[in-house]
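**Q** A predicted structure for the sequence below; I have some questions about it.
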There are 2 protein chains.
Amino acid sequence: MATGKNENDTGIPLDRMIQPMLLMLILKKPTHGYELIQSFNAVHEGEIVEPGTIYRNLRRMEREGFVLSGWEASESGPARRKYDITEDGIKALQEAVLKLEKQKQQIEDFLTEYNDLPNKGGHSIEN
Amino acid sequence: MATGKNENDTGIPLDRMIQPMLLMLILKKPTHGYELIQSFNAVHEGEIVEPGTIYRNLRRMEREGFVLSGWEASESGPARRKYDITEDGIKALQEAVLKLEKQKQQIEDFLTEYNDLPNKGGHSIEN
DNA sequence: TTACCTATGTGCACTTTACACTTAAGGTTT
DNA sequence: AAACCTTAAGTGTAAAGTGCACATAGGTAA
C-alpha cells in the first residue's frame, strides 16, 4: 500500500479512504478538484491531503467510470473540470461502505483483543 | 500501498493491520511464521492471508527491531524460525493501537455522514 | 521412488501515496 | 509593461505494501 514516503507523519489517516470520500462529496454536490481539496482539508483540519493525490484519484475514477467530467468556465481564473458521479460510482460507493463497515468491525475486534491482554505494558517472559 | 493485484477480492480486509496483528500474536505467545499463518487464517475464516505476506512482514519487523528470531528444531519437519517481541515492538504495537483508534473514528465519521445522505440510493439530479 | 506435508522465502506485477515540480489563466500591484 | 499572486489541473519519481506464482528443503508415508 502503499503509502509512499512517510517519515514525519502522525498516523494512518485517510488510508484507502480517499476514493469513497471523494465519491460522497461529489454525490452531495458535483464540483471540481480544487474545491474538493478545500472540502477535504476543511474536514480534517491539520491533515493536509496532497492536491496531486486528489487529482490523480479523480482521473482514475473517471477512467473506471465512477465519475464523469466536463470543462466549465470560471468567472475569474482558469477553467475547471467539474465532476459528477455515475450510477457505477454510486455502486462503488455502496461497496466501499460495506468494506469500511467490515474494516471497522475488524479494528474493533483487534482493539478488544488488545485491551484484554494482561501484559501489554511490560515485556513478555523470555522463553 | 497499495494492495497489489486485486481482481476477485472481497474487500479491504487486513489493510495495514498485518503488522499490529502479528505483533499482538507474538506478544501473546512467541512462535514461528507457519503457526502465525494458521492463527491468522483461523481468526478470519474465509479471508486467506498470503504466506509470503506474513513471512515478509516478519523479516521486515526483525530488520526494524520489533522482533527477534532464532532457529528452532522441530520434532518432525524442517526447522522453524521462532519470533519473540522486543521492547521496541511493544512500543510499535502501542503506537499502532493509537493509530487504529484514530482510523476507527475516521471510518465512523464517514459512515455517519454517509447514512445521513438522503440520496444514497438513486442518482443525483443532473445539472 | 514418488508424493505429500511442513516451513521459509523470493520474483514480479500492480496499486496507492507523498513530495516536488510544471503549466497555465486571470487578476493585482508597482 | 513587468512582477507577482491566486486559482486550477496536472506529471515524474520514489517508496511501501500486497497478491500470485514459484523455489527450496526437511521429513514422513505409500
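**A** Done, it's in.
**Q** surely residue A:69 touches residue A:58?
**A** Yes. The pair residue A:69 and residue A:58 passes the contact test of C-beta atoms under 8 Å, sitting 7.4 Å apart. Bear in mind the C-beta positions are built from the backbone N, C-alpha and C, glycine included.
**Q** between these two, which is the more surrounded one?
**A** residue A:58 (22 against 17; other C-beta atoms under 10 Å in any protein chain shown).
**Q** buried stuff in the helix or strand hosting residue A:40?
**A** Secondary structure from DSSP states H and E places residue A:40 in helix A:33-43. By neighbour count with 16 or more other C-beta atoms under 10 Å in any protein chain shown, helix A:33-43 contains the buried residues A:33, A:34, A:36, A:37, A:39, A:40.
**Q** and it, anywhere near DNA strand D?
**A** Yes. Helix A:33-43 lies within reach of DNA strand D by C-beta under 7 Å from any atom of the strand, at A:33, A:34, A:35.
**Q** please pull up the helix or strand immediately following that helix.
**A** helix A:51-63.
**Q** in chain A, which spans are strands?
**A** A:31-32, A:67-72, A:80-85 (DSSP state E).
**Q** can you list residues touching both of residue A:69 and residue A:58?
**A** Between them, residue A:69 and residue A:58 share these contacting residues under C-beta atoms under 8 Å, 6 or more residues apart in numbering or on different chains: A:81, A:83.
**Q** low-confidence stretches in chain A?
**A** A:1-13, A:46, A:122-127 (pLDDT under 70).
**Q** 50 - rerun?
**A** By pLDDT under 50, the low-scoring segments of chain A are A:6-10, A:124-125, A:127.
**Q** scan it for its longest helix.
**A** helix A:87-115 (DSSP state H).
**Q** that helix and chain B, any residue contact?
**A** Yes. Using C-beta under 8 Å from any C-beta of the partner chain, we find that helix A:87-115 touches chain B at A:87, A:90, A:93-94, A:97-104, A:106-108, A:110-111, A:113-114.
**Q** for that helix, buried residues please.
**A** For helix A:87-115, by 16+ other C-beta under 10 Å, it's A:89-90, A:92-93, A:96-97, A:99-100, A:103-104, A:106-107, A:110, A:114.
**Q** one step back: from the chain's centre, how far out does the helix holding residue A:40 sit?
**A** Relative to its chain's centre, helix A:33-43 lies at 12 Å (C-alpha atoms, centre = their mean, to the nearest Å).
**Q** spatially nearest residue to the spatially most central residue of chain A, not counting backbone neighbours?
**A** In chain A, the centroid-proximal residue (C-alpha atoms, centre = their mean) is residue A:18; its distance is 1.6 Å. Once flanking residues are discounted, residue A:18 sits nearest to residue A:57: 5.4 Å by C-beta to C-beta, 6 or more residues apart in numbering or on different chains.
**Q** ok, that neighbour - contacts?
**A** Residue A:57 touches A:18, A:19, A:22, counting by C-beta under 8 Å, 6+ apart.
**Q** at 10 Å instead, please
**A** A:18, A:19, A:21, A:22, A:23, A:33, A:36, A:49, A:66, A:67 (C-beta atoms under 10 Å, 6 or more residues apart in numbering or on different chains).
**Q** repeat that for residue A:108.
**A** Neighbours of residue A:108 in contact, by C-beta under 10 Å, 6+ apart: B:100, B:104.
**Q** how about residue A:96?
**A** Counting by C-beta under 10 Å, 6+ apart, residue A:96 has contacts A:16, A:17, A:19, A:20, A:21, A:23, A:24, B:11, B:12, B:110, B:114.
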